[in-house]
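Chemist: no sequence on this one, just coordinates:
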C-alpha cells in the first residue's frame with residue numbers, strides 16, 4: 001500500500017514539473033512578442049561574432065538601404081525639327097510667362113531665337129520633373145539650361161571630344177572630292193584643303209591627274225563614333241610638280257596657316273571666286289559673243305557652274321554697285337585696296353545683306369551663279385580692274401599678308417619639323433600595317 005502511494009506521489013510530481021516547464025516557456029514566449037523586445041532576427045544577429053550588441057546589424061542596415069529608392073532619370077534626345085522653338089519644347093513643363101522670362105535670361109548667353117533645325121538637343125527629367133535642357137549651338141559649344149530650386153541656371157560649355165591624330169594621303173585621279181571620298185573620308189576634308197590652299201591653287205582648273213596631298217588632322221570622336229575633324233595641323237599639296245606646304249600656328253592670339261618659312265598663305269586675292277567648276281571662256285581681246293554672234297573683247301574669266309553655286313568676294317572691299325540690266329543681269333562691283341576693283345555678273349540672286357556701301361570680308365558669299373542677262377547658260381562672268389583698266393585675273397600678282405614675327409620663327413620651325421616628322425611616321429606606319437605579311441595571300 002505504501003509502495004502504491006509513493007508511486008502515485010512520484011507521478012503527480014513529474015506531471016507538475018512537466019506542466020510548470022511549459023508554463024514558464026509560454027510566459028517567455030509571450031514576453032518576447034512585446035513591442036519593447038527585439039525581433040527574433042535581431043536577437044539572433046545581435047550575437048553574431050564580431051558584431052557589437054549596441055550597433056545595428058549588417059542585415060538590418062542592408063534592409064534599410066534597400067528601402068531608399070534611387071531617383072528615376074530619363075533623357076529625351078533628338079534634333080530640332082523645322083518650326084520647333086524653345087516654347088514648343090518646354091511648353092508642357094512651364095508657362096508661357098516663364099518661358100518668356102527664360103528667353104530674356106538667355107539673351108546674353110545665347111539668343112534662343114537662333115535655335116536652328118537639325119541641331120541636336122536633349123531634355124533631362126528626374127522623377128518626371130524637368131531638370132535640364134541642352135542644345136548644341138555648333139560643333140564646338142552647347143547651351144545648358146538647368147532648373148534647380150525653381151530657378152534657371154544658364155551657361156555655355158565646350159563640347160568634349162576624344163581626339164586622334166590621323167595621317168591621310170591621296171593621289172588625284174579626277175578631282176579632289178572624289179579622291180577624298182575614295183579614301184572613305186568626309187567631303188569636309190576636301191573643303192578644308194581647298195580653303196587652305198585657295199590663294200595658291202585654283203582647284204577648278206589647276207589640278208592634274210597625279211597631283212597628290214597629305215594631311216595631319218585631328219579626328220573627333222564622341223562615345224566611340226566619328227564626329228568630324230578638329231584642327232588640320234599640317235598639309236602638303238603637290239600640284240604640277242610644285243610643292244605647297246601649310247602649317248597651322250598661333251601668332252599673337254590668332255591662328256592662321258603659314259608656309260615653312262613663316263610666310264602667310266593668305267593673299268590679298270583668292271585665285272578664284274568660286275569652287276569646283278570649270279573655266280568656260282578665258283580672257284581675250286577678241287571673242288565671238290555666244291548670243292550677239294559678233295566679235296568683241298572679253299576682258300573676263302567665265303566660270304561655268306550650276307545655278308545657285310555660291311560666289312565669294314576674292315578680297316575684302318566695299319560694295320559700290322548692286323544692279324540689274326538687260327546685258328549683265330544681276331551684277332555686283334567691289335572696290336578693294338591698292339586701286340583694285342572686281343565685278344561679278346549674271347548672278348541668279350544676291351547674297352544676304354549685300355548693299356551698296358556695305359563692307360565685305362574676303363571669302364564672304366556675295367551672290368550665286370545664274371544666267372541672268374545675255375547668257376546662254378549658268379556661269380559667272382568675273383572681271384578685275386587695276387586703276388580702272390581690265391587685267392587678266394589669272395595673271396594677277398599674288399600679294400601675301402603679313403608674315404610671322406621674327407621672334408616667333410624659332411618656335412614655329414620646331415612645330416614644322418614636329419608636324420611633318422609625325423605625319424611621315426604615321427603614313428609610313430599605316431602603309432606598313434596595310435601591306436600583307438610575308439606568306440599571306442593578297
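Modeler: Structure's in. What do you need? Model, not experiment: these values are computed from the prediction.
Chemist: got a list of what the spatially most central residue of the chain touches?
Modeler: Centroid-nearest residue in the chain, with CA atoms, centre = their mean: residue 139, separated by 2.3 Å. Residues in contact with residue 139, defined by CB atoms under 8 Å, 6 or more residues apart in numbering, are 159, 220, 227, 228. Backbone N, C-alpha and C define where each C-beta goes, glycine included.
Chemist: List buried members of these by neighbour count.
Modeler: For those, a burial check counting by 16 or more other CB atoms under 10 Å picks out 159, 220.
Chemist: Filter the contacts of residue 139 down to just the ones in helices.
Modeler: Using DSSP state H, no member of the contacts of residue 139 falls within helices.
Chemist: of all the contacts of residue 139, which comes closest to residue 197?
Modeler: residue 228 (20.5 Å; CB to CB).
Chemist: could you point out which element follows the longest strand seen in the chain?
Modeler: In the chain, with assignment by DSSP state E, the single longest strand is strand 225-239. The helix or strand immediately downstream of strand 225-239 is strand 242-251, counting by DSSP states H and E.
Chemist: I would like the residues contacting the very next helix or strand once past that following strand, please.
Modeler: Next helix or strand after strand 242-251 toward the C-terminus (DSSP H and E): strand 254-258. Contacts to strand 254-258, defined as CB under 8 Å, 6+ apart, come from residues 196, 246, 247, 248, 249, 251, 264, 265, 266, 403, 404, 412.
Chemist: Which stretches in the protein count as helices?
Modeler: 2-32, 40-46, 58-66, 86-90, 96-106, 176-182, 187-196, 409-434.
Chemist: coming back round to it: how far does the longest strand of the chain sit from the chain's center?
Modeler: 14 Å (CA atoms, centre = their mean, to the nearest Å).
Chemist: quick check: angle from that strand to helix 187-196?
Modeler: Note on geometry: by axes from the mean of the first three to the mean of the last three CA atoms, to 10 degrees, strand 225-239 and helix 187-196 are set 40 degrees apart in direction.
Chemist: between the contacts of strand 254-258, which is closest to residue 110?
Modeler: Of the contacts of strand 254-258, the one sitting nearest to residue 110 (CB to CB) turns out to be residue 248, at 27.6 Å.
Chemist: Tell me how many other residues crowd that closest one.
Modeler: Other residues within reach of residue 248 by the criterion other CB atoms under 10 Å amount to 18.
Chemist: go on, the one 10 residues further on?
Modeler: Summarising burial for residue 258: neighbours were counted as other CB under 10 Å, giving 25.
Chemist: Check residue 269 too.
Modeler: Counted with other CB under 10 Å, residue 269 comes out at 21.
Chemist: so what's residue 221 closest to, chain neighbours aside?
Modeler: Nearest residue to residue 221 in three dimensions, chain neighbours excluded: residue 162, at 4.4 Å (CB to CB, 6 or more residues apart in numbering).
Chemist: Residue 158 too?
Modeler: Residue 158's closest residue in space is residue 141 (CB to CB, 6+ apart), at 6.0 Å.
Chemist: That neighbour: neighbour count?
Modeler: Residue 141 - counted by other CB under 10 Å - has 14 other residues nearby.
Chemist: And it, what's its pLDDT?
Modeler: pLDDT for residue 141: 93.
Chemist: One more: residue 371?
Modeler: So residue 371 comes in at 92 (pLDDT).
Chemist: what's the neighbour count on it?
Modeler: Neighbours of residue 371 under the rule other CB under 10 Å: 15.
Chemist: Could you report the distance from the nearest residue to it once chain neighbours are set aside to residue 95?
Modeler: Sequence neighbours aside, residue 378 is the residue nearest to residue 371 in space, at 4.6 Å (criterion: CB to CB, 6+ apart). Distance of residue 378 to residue 95, given as CB to CB, to the nearest Å: 52 Å.
Chemist: Stretch 82-101 spans what distance, first to last residue?
Modeler: 23 Å (CA to CA, to the nearest Å).
Chemist: So residue 378 and residue 95 - more neighbours on which side?
Modeler: Neighbour count, other CB under 10 Å: between residue 378 and residue 95, residue 378 has more, with 20 against 10.
Chemist: who does residue 250 bridge with?
Modeler: When assigned by DSSP bridges, residue 250 has beta-bridge partners residue 255.
Chemist: picking up where we left off before, the longest strand of the chain vs strand 242-251, what angle?
Modeler: For strand 225-239 against strand 242-251, the angle by the same axes, to 10 degrees is 130 degrees.
Chemist: circling back: let me see the confidence value for the residue nearest to residue 371.
Modeler: So, for residue 378, pLDDT stands at 91.
Chemist: try residue 172
Modeler: Looking at residue 172, the pLDDT reads 94.
Chemist: From what I see, residue 221 and residue 159 are in contact.
Modeler: No. The criterion here is CB atoms under 8 Å, and residue 221 misses it with residue 159 at 11.8 Å.
Chemist: Where does the prediction get shaky in the protein?
Modeler: Applying pLDDT under 70 to the chain flags the ranges 1-69, 252-253, 276-298, 431-442.
Chemist: domains in it, as residue ranges please.
Modeler: If you go by automatic domain parsing, the domain ranges for the chain are 73-158, 161-266+400-433, 278-395.
Chemist: Is it possible to get CSV of the ones you listed that adds distance to residue 272?
Modeler: As requested, these are exported to CSV (distance: least, CB to CB, whole Å):
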stretch, distance to residue 272
domain 73-158, 27
domain 161-266+400-433, 5
domain 278-395, 7
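Chemist: Contacts only, for the residue nearest to residue 124 when sequence neighbours are not counted.
Modeler: The shortest distance from residue 124 to any non-neighbouring residue, by CB to CB, 6+ apart, is to residue 132 (4.0 Å). Listed by CB under 8 Å, 6+ apart, the contact set of residue 132 reads 122, 123, 124, 144, 145, 146, 147.
Chemist: Buried ones only from the residues you listed, please, as a PyMOL command.
Modeler: Filtering the contacts of residue 132 down to the buried ones (16+ other CB under 10 Å) takes a single PyMOL command:
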select buried, resi 123+124+144+145+147
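Chemist: between the contacts of residue 132, which is nearest residue 309?
Modeler: residue 122 (36.1 Å).
Chemist: related to what we said a few turns ago, with distance to residue 102 added, can I get the contacts of residue 139 in a markdown table?
Modeler: Listed next are the contacts of residue 139 as a markdown table, based on distance: CB to CB, whole Å:
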| residue | distance to residue 102 |
| --- | --- |
| 159 | 22 |
| 220 | 31 |
| 227 | 29 |
| 228 | 30 |
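Chemist: Sweet, I'm off.
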